[in-house]
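Trainee: Just the structure for this:
(6 chains)
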Number of protein chains: 6
Amino acid sequence: MSLEFRPSGRAVDQLRAIRLTRQYTRHAEGSVLIECGDTKVICTASIDEKVPGFLKGKGQGWLTAEYGMLPRSTHSRMDREAARGKQSGRTQEIQRLIGRSLRAAFDLEAFGERTLQLDCDVIQADGGTRTASITGAMVAAYDAFSQLVERGVIAAVPVKHFVAAISVGVYRGTPVLDLDYVEDSDCDTDMNIVMTDAGHFVEVQGTAEGAAFDRAVMNRLLDLGQDGIARLIHLQKQSLGLL
Amino acid sequence: MSLEFRPSGRAVDQLRAIRLTRQYTRHAEGSVLIECGDTKVICTASIDEKVPGFLKGKGQGWLTAEYGMLPRSTHSRMDREAARGKQSGRTQEIQRLIGRSLRAAFDLEAFGERTLQLDCDVIQADGGTRTASITGAMVAAYDAFSQLVERGVIAAVPVKHFVAAISVGVYRGTPVLDLDYVEDSDCDTDMNIVMTDAGHFVEVQGTAEGAAFDRAVMNRLLDLGQDGIARLIHLQKQSLGLL
Amino acid sequence: MSLEFRPSGRAVDQLRAIRLTRQYTRHAEGSVLIECGDTKVICTASIDEKVPGFLKGKGQGWLTAEYGMLPRSTHSRMDREAARGKQSGRTQEIQRLIGRSLRAAFDLEAFGERTLQLDCDVIQADGGTRTASITGAMVAAYDAFSQLVERGVIAAVPVKHFVAAISVGVYRGTPVLDLDYVEDSDCDTDMNIVMTDAGHFVEVQGTAEGAAFDRAVMNRLLDLGQDGIARLIHLQKQSLGLL
Amino acid sequence: MSLEFRPSGRAVDQLRAIRLTRQYTRHAEGSVLIECGDTKVICTASIDEKVPGFLKGKGQGWLTAEYGMLPRSTHSRMDREAARGKQSGRTQEIQRLIGRSLRAAFDLEAFGERTLQLDCDVIQADGGTRTASITGAMVAAYDAFSQLVERGVIAAVPVKHFVAAISVGVYRGTPVLDLDYVEDSDCDTDMNIVMTDAGHFVEVQGTAEGAAFDRAVMNRLLDLGQDGIARLIHLQKQSLGLL
Amino acid sequence: MSLEFRPSGRAVDQLRAIRLTRQYTRHAEGSVLIECGDTKVICTASIDEKVPGFLKGKGQGWLTAEYGMLPRSTHSRMDREAARGKQSGRTQEIQRLIGRSLRAAFDLEAFGERTLQLDCDVIQADGGTRTASITGAMVAAYDAFSQLVERGVIAAVPVKHFVAAISVGVYRGTPVLDLDYVEDSDCDTDMNIVMTDAGHFVEVQGTAEGAAFDRAVMNRLLDLGQDGIARLIHLQKQSLGLL
Amino acid sequence: MSLEFRPSGRAVDQLRAIRLTRQYTRHAEGSVLIECGDTKVICTASIDEKVPGFLKGKGQGWLTAEYGMLPRSTHSRMDREAARGKQSGRTQEIQRLIGRSLRAAFDLEAFGERTLQLDCDVIQADGGTRTASITGAMVAAYDAFSQLVERGVIAAVPVKHFVAAISVGVYRGTPVLDLDYVEDSDCDTDMNIVMTDAGHFVEVQGTAEGAAFDRAVMNRLLDLGQDGIARLIHLQKQSLGLL
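Mentor: Residues are numbered from 1 along each chain as shown, chains lettered A, B, ... in the order given. Presented below is the predicted three-dimensional model:
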C-alpha cells in the first residue's frame, strides 16, 4: 500500500507537526500552548496552597485536571457546557484520564499540602485533543513546579517520570499513529496510550468502534504508540531545555 | 510463589464462582442476576419502541446502558446519586463502556427502530462490577431479543458476537485474573478487557495505579484476560441453553 | 359479594404472602429483603458516626431514609432519577414518610451522636412499595442497632415501639386490605397507615383518587389497617427471633 | 379544662378569623387573598390554552398547582428556593396535595383541552398555609372558570363539589381545630383534612410528631375537621355570592 | 405635542402614584409594600447575625438582595423559577443591581458582622419593578436598621445617603419619566437610574432597544431621572417620618 | 496632575494597544482574536441554520452571544463554570449585554431564518473583557455574514451600524478611558459604553463602586467614551479592509 493513503499524506508511523509554546498566557504558574497539527490546546498549571478534604493533614499534595472545549473549536458548534449546566460524560472521562496520567508523573509526597490544578482547554480541535492535553500538561506542570523551586518552596521539581500520550488506530485496515479528525471519524479502532520515558505503560484505552481487532493488531498498535511517545517526550524535554 | 498468595486462595488464572440467574425480576424483557463471587449485579434489558432523535427515520435500532450502585452495596455507604442530583464521572464512564461493549455484540440494523435499554444495578459490590455488568447484560439483552423473536417481531436474535468482560491486574507484582475488592484496593495495575467469542478485542482499559508496567506484563495480562473471557462466554451460552 | 372479586383471589382482609430475609447483603449493618407478594424491596440500615449539622453537640442521634426504584422494577421502564438529575416529588414524599415513621419507632436520645441511614430500594414493584419499605426498614434498623449492642457501643436496642405499615383502599366499592398493583391502578381510595405495636397511629395518608368517601368507609379502612398491621408486627418480631 | 388554654384564647373547635378577598391582583383569571388569622396566601388561577403532553388529543382538561413561600414570610428567613435551585420535598408534597384536592373539585372533562394552573404563594405564615392554600384556591379556580363562562367558552362552571381544607391536631393533650404556628410547633399530632361540601373525605394526612395517637383521638379529630370544613365552605360560597 | 400622548395621560415628567406601606408583613425587621401605579412589590429586610465567608473576621457587615416575581404577577403566567430550578439571567441582573444600589446607601462598616438581606418580591407587575424594588428596599432597610438601634445593638442607622431609582425612556420619540408596562413594551430606549439624595449617580443602565440615541436625548433623560428621584426620596423620608 | 499617574503611564484619554487578528481559528465562520493590552479574547461567530422557537416561521433571523473565561485567564484561578454546573450572574449579565449590543448592529430581518451565535472566550484577562468582547465580536460577526454573501446566500452583509465598546471610569479622582485591571480594582466608578459609528448610544452601564458621581463627571466620562469608540470603530473597519 502506498504511504500516501492517509488523507494528510503522512507515513503510518508519522506524528503531526508538534509545537510547544511555554509562557503562553501570563497569570498561570505554568502555561503551554500545544499544537499537534491543527489541534491546539492551552494547558495551564495552577498551584493552590491547599489540598482536598480527604488529604488534609496528611502532609502530601494532590494533582487534578479539568478539560474543556471552546464551543466553536469543532467543525460544527457544540453546546457550551457551562450554559447546559453540566459536563458531558466524555468531558469527565477525559479529565479523569488527564489527572490519573499526570499523577503518575509526579511524586505527590514531595511538594507539601498543595494542589496542582491543570486546565486543558481546546481552542481548535482536529483529533487527539485528550492526548495533546496530557503531553502539554506535562510541560505546564513541570514549569509550575519549577516556579516553586525558584521561589525556594521546594528543593527540586518532584518529577518521577515524564509522561506523554498519543493515539493510534486502525484506519482503512492499517494501524497508524496519531489520528487526525478525518481519520478518527472513519476508523475501526481508536486507542489512546500514555507512557513514561522508561517506556512503561500508564494508561491504555482502546475501543473497537467498528470491527473488533485481534492480538496481532493490538501488538502493532502498541509498537506504534511506544515509538511515537518516545519522540514526544524528547520534544517535551527539549522544550524545557533539559536536553 | 505459592498459589495461595491471593487473599481468596484462588490461582492466578482462576475466576471467582460465576452464577447467572435469568428471569430474576418479572417486568423486564430480559432480567439477569449475575454473581461473581460476592459481586452481585441485576442486569435488565428493556425494549423501547423508539430511537433517540439522531436516529429517527434511519430504520435502525439503538442500544444504550445505565449503571448504578445501591448506596450500601459498598463497604461504607456512598451518597445516592439521585439525591446528590448527578451521576459521578465514574458512573458515566462505566455506563458508556457498557453501552459501547454491547453495541459491538448486536447488529443495530437488524431490529428496527427500537432501543434496547440496559440497566445494570449493583446490589452488592466486591470488585469487578463493571465487567460483571457487561457479562450479565449480554445475557439479559439476548433474552430481550429472544422475546421479540417469540412475539414474531423480528426473525432472529440480531447477535453478531457474544461479548464478555473481565478484569486483570498486577497484584503484589504478579499478573492475576479477576480481581476482587481486596486485591483491587491494593494492586498496581488494573485492566478491564472486553472481548468477543472470536477472541477479538472490543475494549481494553488499563491503568497503572501504582508503578507503570512494561510490555511483558501487558502481554501476560492480555493472555489472562483472553483465557478468562473464553470461559465466561461459555457460561453465558450454557445459561442461555445454546450449548 | 364473592370473596373472589379481588384479582388475586384474596379475601378483603387478607395480606399478600410476606417474607422477610435478614442479612440479605453483606456490607450493611442491617440488610433485609422484604417480599410482599411480587413487591420486593431491599432495606438496608447503615450507622454513620455523625449527625447532621442542626444536631451537632446535642448528644442525640438521628434517623433518616432514602427511597429509590430500579428503573425496570416497574411494568414499563421509568427514567433513572440519578440520570435525570433529581428525585421526583413522589420519591421525596415517600422517603420523608419512611423517615418520620421510623423516627417514631426509636428513641433518638439513646444511641449517641450517630445517624441511622435507611435505604429502601425497590427491585420489583407490584403495589405497596412504600408500606413494604417501612415494614422492612423496621427490621433492618433493629438489626443495625443490635450490632451496636453486640459491639458494646450501646446497652440496648433503643426501640420505643415496633412500627409497620400497610395500604388499604376502596376497590370496586369495597374496602380491602393490602392493594396490589392491579387493584391500586383501579381503586377509588388509597390509604397508607403506619401504626405501632400498641395499636396507635403514627401516620395516616388517605387520598380519594376517584369518588370522595364517607365516614363509614373511613372507619372500615382504619379497622382493616389496624388488623393487618398487628399481623405484620407479629411477623417482624418472629423474624427477629423475639417471639 | 378552661377554654383559654389555647395561646390565642380560641375554643377548641374555633376557626381563626377567615377573610377571602377576590380580584386581589389584576392579571390572573382568578386571584384571591386568603387570610386565616395571620396566615396570608395569594392564590391565583391562570387558564392556559393547552394541556400537558400525556393528555394531548384526549379532549379533556387538566388542573395543577404550585406552592411557594416568600423568604421572609416566616419567623426567620428561609432560603429562596429559586436561588437554591430546587424546591424542597415539603414544597413538592404540598403542591401535589393542592393539585389532587382541587382536581377532586372540578370535572376535568368539562372545560376542553385547557389547563387551570393554581399558584399559592404565602406572603405571611402563621401555621396552616397548605390548608389555607386549598381553601383559597377553590375560590380562585371558581372565579377563573366563571370568566370562561362569561367569555362564552364553556357553558357552566365545571364544579363537582366545593372542597376546603383545615388542620386539626392534639395540642397539650387535647384535640383542637385550626392550629396556628405556636400550637403547631408544640403539638403531638397534626392532621390535614380536605373534604367536600357533601361531607366526604378527599384527603386525610395525619402525622404523630410526638406520641402516637389512639382511635378515639382519631375519631375526635375527624369530627372537628368535618365541622370546620363545613363552615369554610359556607364562607367560600358566601364570598362567591352563591348563598 | 399634547400632554395626553402617554397612554396613562401622564405628563412627560410625571411619576405614577406612589404609595409606601411600612410594616406590611409581621415577621421581617423591615417590611414595605411599594406601589407605583399598578406595580406592587413587597420589600423585606432581614438581619442575619453573620456575614459571608469572604468577610468573616473583618469586623464589617454585608448587604445583599434577592428578587422574584410571583408567577402570575404578569400579564401571562411566567414559569416559577423555583420549579424550573434556576433564576433567569434577568433575575440575577436585577438582584445584583438592587444589592449594589443599597450597598451605596449604607455604611457597611457601621453595623458589625451582620448581613442585611433584602427580598423584593413582585406581586403585581406593570413596568418599573426593579426601580420600585430599590426605592422600597431603601425604606425597608432603614426600618430594619432602626430596629437594631431600638434594641441598642448599634448607635445609629448607618445611612450614608438615601437612594432611590426610576426609569426614563424614549416613548414615541419623546423622553418620558417612569415608564409603565404599555410604554415600556413600545419604547426605543429604556434607562434605569439610581441616585442619592445629594443628586449623585449610583447606577445608570440605559439600553437602546430600538434606535440608538444621541447625546442630547441622553442629557434629557438624565434630567428627567434626576428630578423624579428627588421626589421619590422626599416620599421615602416622609414615609419614615424624617421630614 | 502628571499624565503618568496611571499605572500604565497612559494618558487619561489613551486606549491600550489594540490588535485584531481575523481567521484566528479554523472552523468558525468568523473568528477573531482581540487583544487590548494584556486582555485577550477569542470571538467566534457561527451560523446556525435555524432560529429559536419564538421566531419560527417569522422569516427573520436571530443573534445571540455567550461569554466565558478560561479558569486561569485571571490572576488567581476561578472555578470552571461547567464544573460548578452553572454560569454566574456576572457571566449571564455580560453575555446578555453582548447579545443586545450586537443585535443593534445588524438587521435581523435581512439574513433569513438563521441564528448568528457569538462566543466570546477570554484566554487572558486584564480588565475590560466585556467591552473587548463586543468590539471583537463585531468583526467576527461581519466576517461570518461576509461568508454568507460569498456563498450567495444573502446579497449583502446586513450591517446597520458598526458598534464598539469601551470602559471609562474615575481612577484616583480623575476620569480616564479604558481601565486596565489595576485601575479597575481601585476605581470609584466604572462605566461601560457601547456606541455606533454614528456616535449614538446603544448601551450605557455605569456603577459607582465607591463614591457616587455628579453630573459633570458623567459628562466627562461620556466624552471620553465617545472619543475612544470612534477610534475603535476605525480599527474595526481597517481590519476588515473597509477603509
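Trainee: Now do the contacts for A:Glu209.
Mentor: A:187-190, B:100 (CB atoms under 8 Å, 6 or more residues apart in numbering or on different chains). Every C-beta, even on glycine, is put in place using the N, C-alpha and C of the backbone.
Trainee: pLDDT score assigned to it?
Mentor: On pLDDT, A:Glu209 comes in at 81.
Trainee: For the lengthiest helix in chain A, give the mean pLDDT please.
Mentor: In chain A, assigned by DSSP state H, the helix with the most residues is helix A:215-239. Helix A:215-239 comes out with an average pLDDT of 97.
Trainee: just stretch A:194-204 next, same as before
Mentor: On average, stretch A:194-204 scores 97.
Trainee: which of the residues in it are buried?
Mentor: For stretch A:194-204, the neighbour count (16 or more other CB atoms under 10 Å in any protein chain shown) marks A:194-197, A:200-204 as buried.
Trainee: which stretches of chain A form helices?
Mentor: Under DSSP H, chain A gives helices at A:81-84, A:89-103, A:129-150, A:181-184, A:215-239.
Trainee: Distance to chain E added to the ones you listed, as a markdown table?
Mentor: Shown next, in a markdown table, are the helices of chain A (distance: least, CB to the nearest CB, whole Å):
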| stretch | distance to chain E |
| --- | --- |
| helix A:81-84 | 11 |
| helix A:89-103 | 21 |
| helix A:129-150 | 26 |
| helix A:181-184 | 34 |
| helix A:215-239 | 39 |
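Trainee: And these: which comes nearest chain D?
Mentor: Among the helices of chain A, the nearest to chain D by CB to the nearest CB is helix A:81-84 (14.6 Å).
Trainee: Tell me if that closest one is near chain F.
Mentor: Yes: with CB under 8 Å from any CB of the partner chain as the measure, helix A:81-84 is seen reaching chain F through A:81-83.
Trainee: who touches that helix?
Mentor: Outside helix A:81-84, the residues within contact range by CB under 8 Å, 6+ apart are A:68, A:87-88, A:91, F:66, F:68, F:80-82, F:86-87, F:91.
Trainee: residues touching the spatially most central residue of chain A, list them.
Mentor: Most central in chain A under CA atoms, centre = their mean is A:Ile134, positioned 1.6 Å from the mean C-alpha point. Neighbour list for A:Ile134: A:97-98, A:101-102, A:163-165, A:194 [criterion: CB under 8 Å, 6+ apart].
Trainee: Would you check how far apart it and A:Arg96 are?
Mentor: Distance, A:Ile134 to A:Arg96, by CB to CB, to the nearest Å: 12 Å.
Trainee: swap in A:Gln124?
Mentor: A:Gln124 is 23 Å from A:Arg96, by CB to CB.
Trainee: who's more crowded, the two?
Mentor: Shown here are A:Gln124 and A:Arg96; by other CB atoms under 10 Å in any protein chain shown, A:Gln124 has more neighbours (23 against 19).
Trainee: Which residue comes closest to A:Thr39 once chain neighbours are left out?
Mentor: A:Asp126 (4.6 Å; CB to CB, 6 or more residues apart in numbering or on different chains).
Trainee: What residues does chain A have near chain B?
Mentor: Residues of chain A lying near chain B (CB under 8 Å from any CB): A:86, A:89-90, A:92-93, A:95-96, A:100, A:104, A:161, A:191, A:195-196, A:198-209, A:211-215, A:218, A:222, A:226.
Trainee: Count the neighbours of the residue nearest to A:Glu93 when sequence neighbours are not counted for me.
Mentor: Closest residue in space to A:Glu93, ignoring its immediate chain neighbours: B:Glu93 at 4.9 Å, by CB to CB, 6+ apart. Per other CB under 10 Å, the neighbour tally for B:Glu93 reads 19.
Trainee: ok, now A:Ala82?
Mentor: Residues near A:Ala82, counting by other CB under 10 Å: 24.
Trainee: Tell me, what's the model's pLDDT at it?
Mentor: 96.
Trainee: Please report how far it lies from chain C.
Mentor: 16 Å (CB to the nearest CB, to the nearest Å).
Trainee: Excluding chain neighbours, give the residue nearest to that residue in space.
Mentor: Nearest to A:Ala82 is F:Glu81, by CB to CB, 6+ apart, at 3.6 Å.
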